[in-house]
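# no sequence for this one, just the structure:
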DNA sequence: TTGGCTGCAAAATATTTGCAGAACA
DNA sequence: TGTTCTGCAAATATTTTGCAGCCAA
């Protein structure tokens, strides 16, 4: 499978979902996308190609992708949900000034919950979120002083 | 400082904020509270004592507490924000069935970002979120099968 | 006394839903 | 051709804001 578009197209077909131009456009937009877009970002990008596309469609497609896999929701920003086509284990850093999210690829041995907690909770995944300032905002802030 | 109410009252006074019955009620509700309540939970609890209390007041108080410290926002649930009066370093587990959040107290050495990333990002804190199923939901699901 | 705080109502924002018509398979 | 999908409009839910009156200091 050479790219994300073909990969997702195959997954949708396998799941019995139809392939529509809008769906392909979402796959294309997300292919290799490391910007962690929101539904609005995706909507805005697709609107150039499809002036009539609706939020409903964007949300529908994202929901389908979540259901069958191929995308990840990032719940890190209190204002809105971000999406990440990279579903392999990695983490994220949020700039509290500009809201930018960057990937944190680091080897973290699969975290084991302490015995007391594993009696109460069965984890299926985990995410590490770093909060701080990105380089650009750090520089901007330094200049203001 | 013997308890959270006195502690927060002192902090508010030190910051030049007034002490109102509603503020004390929020402090009291949060004292030792490990349920990770939402603004709605707090509103509902306070309403019993203060039938006229408004969401505005709850949100205002939470915002003040965030500003001067004494509370933490948990951005883990896609639907709403949860609050935690425990601001010491600890982590959380979210049950994807019932939405319950439980504390994860485990010793994690302060995580260091890989060199490549620390050139781009200066972290001030981090949070580990576990996603899975709580014991109660696990038992419920087992019975259904 | 007075500036900050509360509570009401309305606004803003993100996401979801009902439904009629379009279009993929 | 039939069912799923799209797009519009309206609904929902959470959080924020404007403002008049109240109250803690």
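Noted; the coordinates are in hand. Everything numeric in this text was worked out from a predicted model, so none of it was measured. Residues are numbered from 1 along each chain as shown, chains lettered A, B, ... in the order given.

# now find how far off-centre the helix or strand hosting residue A:10 is within its chain.
Applying DSSP states H and E as the criterion places residue A:10 in helix A:4-14. Helix A:4-14 sits 17 Å away from the centroid of its parent chain (C-alpha atoms, centre = their mean, to the nearest Å).

# mind listing what's buried along the helix or strand following that helix?
Proceeding N to C from helix A:4-14, the next assigned helix or strand is helix A:21-30, under DSSP H and E. By neighbour count, with 16 or more other C-beta atoms under 10 Å in any protein chain shown as the criterion, the buried positions of helix A:21-30 are A:22, A:23, A:25, A:26, A:27, A:28, A:29, A:30. In short, each C-beta sits where N, CA and C put it, glycine included.

# also stretch A:51-67?
With burial defined by 16+ other C-beta under 10 Å, the residues of stretch A:51-67 counted as buried are A:53, A:57, A:58, A:61, A:62, A:64, A:65.

# closest to residue B:99 out of the residues you listed?
For residue B:99, the nearest member of the buried residues of stretch A:51-67 is residue A:62. The distance, counting by C-beta to C-beta, is 20.5 Å.

# shouldn't the closest one be within a helix?
Yes. For residue A:62, which was evaluated using DSSP: H, G, I helix; E, B strand; the rest coil, the result is membership in a helix.

# residue contacts, it?
Residues in contact with residue A:62 (C-beta atoms under 8 Å, 6 or more residues apart in numbering or on different chains) are A:26, A:39, A:42, A:71, A:83.

# which residue, other than its chain neighbours, is closest to residue A:75?
By the measure of C-beta to C-beta, 6 or more residues apart in numbering or on different chains, the closest residue to residue A:75 outside its immediate chain neighbours is residue B:78, 5.1 Å from it.

# how far away is the nearest residue to residue A:32 once chain neighbours are set aside from residue A:63?
The shortest distance from residue A:32 to any residue other than its chain neighbours is 6.8 Å, reached at residue A:4 (C-beta to C-beta, 6+ apart). For residue A:4, the distance to residue A:63 equals 18 Å [C-beta to C-beta, to the nearest Å].

# returning to what we had before: for the residue nearest to residue A:75, give me the pLDDT.
Residue-level confidence at residue B:78 comes out at 96, pLDDT.
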